[in-house]
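Participant: quick one, structure for this:
(one chain, ligands or ions: 2)
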Amino acid sequence: MNSEKSSYKIKGVLAALLAAALIPLAACAVAHDVTPGSTDTADATDDAGRTDHAAEKTDTPAATRAPSTSGGVLVVYFSRTGHTKPLAEYIADELDADLYEINAKVPYTDDDIRYYTDCRADREQNDPDARPEIAGELPDVSAYDTVFLGYPIWHGQAPKIIYTYLESTGLSGKTVIPFCTSASSPIGSSASDLHALAPGAVWNEGRHFAIGTSREVIAEWVRSTGVVKNINVNTGTVDIGTRSVLLNSGYTMPAMGLGTYSLDHDTCVRSVTALLQNGGRLIDTAYMYGNEEAVGEGVRKAMKEYGIPREEIFVITKIYPSQFGDPAAAIDAALEKLDIGYIDMMLLHHPGAGDVNAYRVMEQYAAAGKIHSLGLSNWYVSELTEFLPQVTVTPALVQNEIHPYYQERDVVPFIQSKGIAVQGWYPLGGRGHTAELLGDATIKAIAEAHGVSSAQVILRWNLQRGIVVIPGSGNPDHIKENLDLFGFELTADEMNRIAALDRNEKHDWY
Ligand SMILES: NC(=O)c1ccc[n+]([C@@H]2O[C@H](COP(=O)([O-])OP(=O)(O)OC[C@H]3O[C@@H](n4cnc5c(N)ncnc54)[C@H](OP(=O)(O)O)[C@@H]3O)[C@@H](O)[C@H]2O)c1
Ligand SMILES: Cc1cc2nc3c(=O)[nH]c(=O)nc-3n(C[C@H](O)[C@H](O)[C@H](O)COP(=O)(O)O)c2cc1C
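Facilitator: Numbering: from 1, shown residues only. Ligands and ions are numbered 1, 2, ... in the order given. Sure, this is the predicted structure:
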């Protein structure tokens, strides 16, 4: 560790994680080392807009780095002989958490830790006032809710440098989860002895691990704590300027596109090519719509006719609960039907028996690069709260029913606050309901004020709420119109008038 450097650096560790290959991890998993002087590496972004956390490069311009994912979990540890260190790293990897190693300003020599020889460590542990100084800056903990705190047992206690750390940082209001390694002693009172040093912190029960504890055991314990992954707070919300949304997977998704529900084969091919010809790049399909082949055909046709690179196009498909029994077969079938190389985003279409396992299989396909991003559809607050701690890769997207008569004003911020993008289905109310919604007096008045259509107002209202839209259409004129959402802006008053239309009126059962 080079203690001369003082700036915080990001360290990509994905390659090592994938090499372990025992835990399915999607390409987005990354822990960030915020220890001063840690390895100077940065993430790289490829042509497809995907961030490759495995690539280790120096001097990467800030603009191409993945944004920091700090904003939830920090793993702090002290490890003089290297036994606690890997466990801290496993925890950080599991949670995409930031990692901070406590180092002594005056490093402990081998003689300093030769215990029962009245060595430095013996003396410090016997001295209630000993507070060994820490090297470098401490990380700012204001951005974290949860701090895992790791240390070796020294004479039945945490090393006194842990006391220094706790007295030098403000953990009030944070949840602190201690863990330790030792030759044989249990955690004993070592953790509860620390409570008084961090007033206002909420202390979880600590956990002892034997030296050499495996990644699997640590992963299982992390899951049992109920702590969810660090979330990239910069992801998941539509950026009107770039007409896109940065996903927590590192990929970028267009902010508006085409829904293909109920489009027959020929209409679907025509609609997809019309979308791509007119600058749209996002297409939503599903096994259940029976038109994945048509979507693939339309994509390939447009790539050939209009010279659009595959990387610019973003195709979402979904697997249905009836397929959860054999998710690998379902994913393979979708890849084959679409026949466009890889799937940009795959969703579980609905909650159902076997959904967690199906998602974990999708995680494996993501790790293999066959699917780029993962998501869920028709998952609401309670379903998400139950689901998220059970999976390794945080979904990049949740697709739910959203329109002015069913706005999900509690669900949308809940999802977005986790860095997960929200996409609205039935944006125009769904077939059979569009006339009422497009004819709504408030919407029409706002549309007239801007010289645009009711559909454009509703779609723009979604974008201004940070929500991605996928209006369905078999009409090329409508498809073109639905992409034309950037020549006007709804005022705060207009946004409020549309918000007031909410009736909590679902137009489908799920
Ligand atoms: N995850 C799920 O469970 C779920 C459920 C339902 C839907 N979805 C997805 O969400 C997409 C959108 O939903 P949806 O297609 O059912 O309903 P929708 O987008 O709310 O409405 C589609 C209807 O709006 C009309 N329309 C589209 N643009 C228009 C415009 N500019 N002016 C006037 N009318 C216009 C279409 O007619 P024309 O064909 O004549 O343009 C069609 O009748 C689906 O296609 C599907 O991809 C997902
Ligand atoms: C000064 C000192 C005191 C120790 N006291 C204990 C002890 O009381 N009980 C025990 O089981 N192990 C004890 N150990 C062993 C360490 O707890 C154990 O090797 C630990 O895994 C080291 O973690 P680290 O490699 O992350 O520093 C002690 C080690 C040192 C250096």
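Participant: can you pull the residues of the stretch 351-500 of the chain lying near ligand 1?
Facilitator: Contact residues of the stretch 351-500 of the chain with respect to ligand 1, defined by CB under 6 Å from any ligand atom, are listed as 377-378, 399, 425-431, 434, 438, 453, 455, 470-475, 478, 481-482. Any C-beta I mention is one placed from the backbone N, CA and C, and that applies to glycine too.
Participant: let's see that with 8 Å instead.
Facilitator: Within the stretch 351-500 of the chain, the positions near ligand 1 by CB under 8 Å from any ligand atom are 377-378, 399-401, 403, 424-431, 433-434, 437-438, 453-456, 470-475, 477-479, 481-482.
Participant: pull the contacting residues for the residue in the stretch 351-500 of the chain positioned nearest to ligand 1.
Facilitator: Evaluated by CB to the nearest ligand atom, the stretch 351-500 of the chain has residue 472 as its residue closest to ligand 1, separated by 1.8 Å. Counting by CB atoms under 8 Å, 6 or more residues apart in numbering, residue 472 touches 258, 259, 260, 261, 262, 263, 428, 431.
Participant: picking up where we left off before, buried subset of the residues of the stretch 351-500 of the chain next to ligand 1, written for ChimeraX?
Facilitator: With 16 or more other CB atoms under 10 Å as the burial test, the buried ones among those are selected in ChimeraX as follows:
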select :377,378,399,400,401,403,424,425,426,427,428,429,430,433,434,437,438,453,454,455,456,470,471,472,473,474,478,479,481,482
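Participant: quick one: which of the contacts of residue 472 is nearest ligand 1?
Facilitator: residue 259 (2.3 Å).
Participant: look up phi and psi at the nearest residue to the closest one once chain neighbours are set aside.
Facilitator: In space, residue 259 comes closest to residue 472 once its chain neighbours are excluded; the distance is 3.6 Å by CB to CB, 6 or more residues apart in numbering. Per-residue torsions, residue 472: phi -90, psi 140 (degrees, to the nearest 10).
Participant: try residue 339
Facilitator: The phi/psi pair for residue 339 (degrees, to the nearest 10) is phi 50, psi 50.
Participant: which outside residues touch the top helix by length along the chain?
Facilitator: For the chain, the longest helix by residue count, based on DSSP state H, is helix 292-306. By CB under 8 Å, 6+ apart, the residues outside helix 292-306 that reach it are 260, 263-266, 268-273, 276-277, 283, 285-286, 308-310, 313, 315, 317, 334, 337-340.
Participant: who are the packing partners of the helix or strand just after it?
Facilitator: Past helix 292-306, heading to the C-terminal end, the next element that is a helix or strand (DSSP states H and E) is strand 314-319. Using 3 or more CB pairs under 8 Å, 6 or more residues apart in numbering; DSSP states H and E as the contact definition, the elements that strand 314-319 packs against are strand 282-284, helix 292-306, helix 327-338, strand 343-348.
Participant: does the residue lying closest to residue 248 once chain neighbours are set aside sit in a helix, a strand or a coil?
Facilitator: In space, residue 248 comes closest to residue 235 once its chain neighbours are excluded; the distance is 4.4 Å by CB to CB, 6+ apart. Classification of residue 235 into helix, strand or coil gives coil, according to DSSP: H, G, I helix; E, B strand; the rest coil.
Participant: pretty sure residue 235 is in contact with residue 252, am I right?
Facilitator: No - Residue 235 is beyond contact range of residue 252, at 9.8 Å (criterion: CB atoms under 8 Å).
Participant: quick check: neighbours shared by those two?
Facilitator: With contacts defined as CB under 8 Å, 6+ apart, the residues adjacent to both residue 235 and residue 252 are 245, 246.
Participant: state the distance from residue 169 to ligand 1.
Facilitator: Look at residue 169 and ligand 1: by CB to the nearest ligand atom, to the nearest Å, they are 44 Å apart.
Participant: pretty sure that residue contacts residue 138?
Facilitator: Yes - checked against CB under 8 Å, the pair residue 169 and residue 138 is within contact range at 5.4 Å.
Participant: which one of those two has more residues nearby?
Facilitator: When neighbours are counted by other CB atoms under 10 Å, residue 169 comes out ahead of the other of residue 169 and residue 138, with 18 against 15.
Participant: and the pLDDT at that one?
Facilitator: Residue 169 is assigned a predicted lDDT (pLDDT) of 94.
Participant: do residue 70 as well
Facilitator: pLDDT, the model's per-residue confidence, is 36 for residue 70.
Participant: what's the answer for residue 235, then?
Facilitator: 87.
Participant: which ones are touching it?
Facilitator: 67, 245, 246, 247, 248, 396, 419, 420, 421.
Participant: of those, buried ones?
Facilitator: Among the contacts of residue 235, those buried by neighbour count (16+ other CB under 10 Å) are 67, 245, 246, 247, 248, 396, 419, 420, 421.
Participant: nearest to residue 94 among those?
Facilitator: Lowest distance from residue 94 to these (CB to CB) belongs to residue 248, with 15.5 Å.
Participant: still on that earlier bit, filter the contacts of helix 292-306 down to the ones near ligand 1?
Facilitator: Applying CB under 8 Å from any ligand atom, the subset of those adjacent to ligand 1 comprises 260, 263, 271, 285, 286.
Participant: before we move on, back to that, mind listing which of the residues of the stretch 351-500 of the chain next to ligand 1 are in strands?
Facilitator: Using DSSP state E, the subset of these located in strands is 377, 399, 400, 401, 424, 425.
Participant: and those as CSV, adding distance to residue 221 and pLDDT?
Facilitator: Rendered in CSV, the data for those read as follows (distance: CB to CB, whole Å; pLDDT from 0 to 100):
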residue, distance to residue 221, pLDDT
377, 31, 98
399, 32, 98
400, 33, 97
401, 37, 97
424, 38, 98
425, 38, 97
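Participant: and the two most separated of those residues?
Facilitator: Most distant of these, by CB to CB, are 377 and 424, 11.1 Å apart.
Participant: quick check: neighbours shared by the two?
Facilitator: 399, 400.
Participant: quick one, phi psi at residue 141?
Facilitator: For residue 141, the backbone dihedrals are phi -90, psi 0 (criterion: degrees, to the nearest 10).
Participant: would you mind writing the CA trace of stretch 136-152 as PDB?
Facilitator: Coordinates of the C-alpha atoms in stretch 136-152 are reproduced here as PDB (Å, rounded to 0.1, in the frame of the first residue of the first chain):
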ATOM      1  CA  GLY A 136      -3.900   9.300   5.600                       C
ATOM      2  CA  GLU A 137      -7.400  10.700   5.400                       C
ATOM      3  CA  LEU A 138     -10.500   8.900   6.600                       C
ATOM      4  CA  PRO A 139     -13.400   8.500   4.100                       C
ATOM      5  CA  ASP A 140     -16.300  10.800   4.400                       C
ATOM      6  CA  VAL A 141     -19.100   8.600   5.800                       C
ATOM      7  CA  SER A 142     -21.900  11.000   5.100                       C
ATOM      8  CA  ALA A 143     -22.800   9.200   1.900                       C
ATOM      9  CA  TYR A 144     -23.200   5.800   3.600                       C
ATOM     10  CA  ASP A 145     -26.000   4.200   5.600                       C
ATOM     11  CA  THR A 146     -24.200   1.100   6.600                       C
ATOM     12  CA  VAL A 147     -20.700   0.400   7.600                       C
ATOM     13  CA  PHE A 148     -19.200  -3.100   7.900                       C
ATOM     14  CA  LEU A 149     -16.300  -3.000  10.400                       C
ATOM     15  CA  GLY A 150     -13.700  -5.700  10.200                       C
ATOM     16  CA  TYR A 151     -10.800  -6.400  12.500                       C
ATOM     17  CA  PRO A 152      -8.600  -9.200  14.000                       C
END
